[in-house]
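K.L.:
requesting a structural model of the entry that follows:
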Amino acid sequence: MRTAPLRSSLRLLLSAALLLGLPACASQSIAASDAGASAPATGAAPSAQERQAFATWLTALKQEALAKGISQATLDAAFAGIDAPLEQVIDLDRKQPEFTLTFWGYFKRAVSDQRVATGQQLYAQYRPLLDRIEAQYGVPGRFLIAFWGLETNYGQNFGSYSVVHALATLAFDERRGDFFRSELLTALRILQHGDIQPARMEGSWAGAMGNLQFMPSTFEAHAVDFDGDGRRDIWGSLPDVFASAAHFLQDLGWKRGQTWGREVLLPKGFDYSLSSIDTYPENKLPLSQWATLGVRRADGGPLPQGPGISDMKAALLLPAGYDGPAFLVYENYERILDWNRSILYALAVGVLADRIEGDPPLVAQPSTVDQRLSRDEVTELQGHLARLGFDVGRPDGRVGPQTRGAIRAYQKSRGYPPDALADPTLLNRLRADS
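P.N.:
Below is the predicted model of the structure:
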């Protein structure tokens, strides 16, 4: 299960799969979603002055690494051929997405039929290994396959940047220099330990590594040598890949024997203000109370009941607004958020995991109008809300919890369904109202 055989055996199986780049919004890992950066972009060549500044900076970095126990041999191997920052990495770090993603726009790529079918094949192929890992760490194999699929399209797109070179560039750039300097020193410790050779330490432009797109600090704290060869290899050993993901989730607090959540149906006249709008859901009720409010499973059946289940706390999410899908999410949904702090990502992991196990597609159907707002339009929306007296904080073109709270307050004040969704309909209403 090393790298070359693994890549070769999967290439035909995955040749038609869609390579998905996810938004970079992880909390513990800046680049858990940078799998889309498979090949370095072309950037301007650094100037002679910048090369000299980088060389001076790198000399100091190496002295710090030596003082912290990194050997000269490790440094020589790690920095061989690295004599200037990667301008394309700095360019990518500066870029911001022009458009916000809609739920359906995201899901049609993240949980595509191809990705589901491939995940089901791999789940069946590696089921004995996944069952062993679940017995040890408590994380069902379908979730491990789902994370793998979303992070790197089942190992097809690690990113082809040298992790050391990318991290050195970002540490030298200083915008987030302290963070990336720490990650770089951690990467050097990983190399010194012998888990991976420098030439194989490939990842995204932001230094996220291997099949799981772990940052070096996440790797150091949670990676596992499950195949017993003395190395933690998340690039080429699937036992190490799956066990490392499971160990990370266990360390985050994954609840053994529980799932992430489920799609649900809401009754007519439902109070949409009961849905949560914070990234980590703020409005949690027992399943029994949601059932009393008329919430049912997506197939029309009753919500789970029984000792230890009826009292489970759940939160309601409406990621596409009141006329889109509704989800009740449990504690393990928040553990997915700990991996990557994105509502859409966490829902995609849960839905993909269930589809991999054989569940049907979502009952909710995409809206005939599924338009995105650009960052400029979101900024405009925030400006309208602010002028009408609703607190959005500093307009920044991002739809975060504070903006969603302001949207909900506006919707309530005007008698609209308070689903807190930022979309073109809302923007047009605000334009007419402010």
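K.L.:
what about the helices in the stretch 201-350 of the chain?
P.N.:
216-222, 238-252, 287-292, 331-339, 343-356 (DSSP state H, counting those that start in this stretch).
K.L.:
out of these, nearest to Thr186?
P.N.:
helix 216-222 (3.9 Å; Cβ to Cβ). To be clear about C-beta, it is placed using only N, CA and C from the backbone, and glycine gets the same treatment.
K.L.:
low-confidence ranges, the stretch 1-150 of the chain, go.
P.N.:
For the stretch 1-150 of the chain, residues meeting the criterion pLDDT under 70 lie at 1-44, 96.
K.L.:
any chance of the helices of the stretch 201-350 of the chain in a markdown table with mean pLDDT, distance to Gly159 and mean neighbour count as columns?
P.N.:
Formatted as a markdown table, those follow (pLDDT from 0 to 100; distance: least, Cβ to Cβ, whole Å; neighbours: other Cβ atoms under 10 Å):
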| stretch | mean pLDDT | distance to Gly159 | mean neighbour count |
| --- | --- | --- | --- |
| helix 216-222 | 98 | 14 | 21 |
| helix 238-252 | 98 | 16 | 24 |
| helix 287-292 | 97 | 41 | 17 |
| helix 331-339 | 98 | 18 | 22 |
| helix 343-356 | 98 | 17 | 24 |
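K.L.:
could those helices go into JSON lines alongside distance to Phe107?
P.N.:
Shown next, in JSON lines, are these (distance: least, Cβ to Cβ, whole Å):
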{"stretch": "helix 216-222", "distance to Phe107": "26"}
{"stretch": "helix 238-252", "distance to Phe107": "22"}
{"stretch": "helix 287-292", "distance to Phe107": "23"}
{"stretch": "helix 331-339", "distance to Phe107": "15"}
{"stretch": "helix 343-356", "distance to Phe107": "6"}
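K.L.:
of these, which approaches His384 most closely?
P.N.:
helix 343-356 (23.5 Å).
K.L.:
mind listing the strands for the stretch 301-434 of the chain?
P.N.:
Secondary structure of the stretch 301-434 of the chain (DSSP state E, counting those that start in this stretch): strands at 313-317, 326-329.
K.L.:
go through those strands and name the closest to Ala110.
P.N.:
strand 326-329 (14.6 Å).
K.L.:
who does the closest one pair up with?
P.N.:
strand 261-265 (antiparallel), strand 313-317 (antiparallel) (DSSP bridges).
K.L.:
and the angle from the first one to helix 331-339?
P.N.:
Relative orientation of strand 261-265 versus helix 331-339 (axes from the mean of the first three to the mean of the last three Cα atoms, to 10 degrees): 120 degrees.
K.L.:
export strand 261-265 as PDB, just CAs?
P.N.:
Once non-C-alpha atoms are left out, strand 261-265 reads as follows in PDB (Å, rounded to 0.1, in the frame of the first residue of the first chain):
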ATOM      1  CA  GLY A 261     -27.000  14.100  11.700                       C
ATOM      2  CA  ARG A 262     -29.700  13.600   9.000                       C
ATOM      3  CA  GLU A 263     -31.900  15.300   6.500                       C
ATOM      4  CA  VAL A 264     -35.300  16.100   7.900                       C
ATOM      5  CA  LEU A 265     -38.700  17.400   6.800                       C
END
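K.L.:
check the offset of that strand from the chain's centre.
P.N.:
Centroid separation for strand 261-265 versus its chain: 21 Å, with Cα atoms, centre = their mean, to the nearest Å.
K.L.:
look up how far Gln192 lies from Ile70.
P.N.:
6 Å (Cβ to Cβ, to the nearest Å).
K.L.:
repeat that for Gly119.
P.N.:
From Gly119 across to Gln192, the span is 35 Å (Cβ to Cβ).
K.L.:
okay, the two: which has more neighbours?
P.N.:
Gly119 (24 against 17; other Cβ atoms under 10 Å).
K.L.:
any idea which element that one lies in?
P.N.:
Element membership for Gly119 (DSSP states H and E) is helix 113-125.
K.L.:
outline the domain layout of the protein.
P.N.:
Annotated domains of the chain cover 48-96+159-220, 261-329, 375-433 [the TED database].
K.L.:
just so I know, which of the ones you listed lies nearest Lys108?
P.N.:
Nearest of the domains of the chain to Lys108, taken as Cβ to Cβ: domain 261-329 at 12.1 Å.
K.L.:
compute the first-to-last residue distance for that closest one.
P.N.:
End-to-end distance for domain 261-329, by Cα to Cα, to the nearest Å: 4 Å.
K.L.:
list the residues that contact the nearest residue to Arg256 once chain neighbours are set aside.
P.N.:
The spatially closest residue to Arg256, leaving aside those adjacent along the chain, is Gly138, at 3.3 Å (Cβ to Cβ, 6 or more residues apart in numbering). Going by Cβ atoms under 8 Å, 6 or more residues apart in numbering, Gly138 touches Ala246, Gln250, Trp254, Lys255, Arg256, Gly257.
K.L.:
which of these lies closest to Leu238?
P.N.:
Of all the contacts of Gly138, Leu238 sits closest to Ala246, with 12.2 Å by Cβ to Cβ.
K.L.:
hmm, that closest one is touching Gln136, no?
P.N.:
Yes - between Ala246 and Gln136 there is a contact at 7.5 Å, judged by Cβ atoms under 8 Å.
K.L.:
rewinding a little: where do the contact lists of Ile70 and Gln192 overlap?
P.N.:
Common neighbours of Ile70 and Gln192 (Cβ under 8 Å, 6+ apart) do not exist.
K.L.:
re earlier: mind giving me the packing neighbours of the helix or strand just after the helix holding Gly119?
P.N.:
The helix or strand immediately downstream of helix 113-125 is helix 127-137, counting by DSSP H and E. With contacts defined as 3 or more Cβ pairs under 8 Å, 6 or more residues apart in numbering; DSSP states H and E, helix 127-137 has these neighbours: helix 141-152, helix 238-252.
K.L.:
at 10 Å what do you get?
P.N.:
helix 113-125, helix 141-152, helix 238-252 (3 or more Cβ pairs under 10 Å, 6 or more residues apart in numbering; DSSP states H and E).
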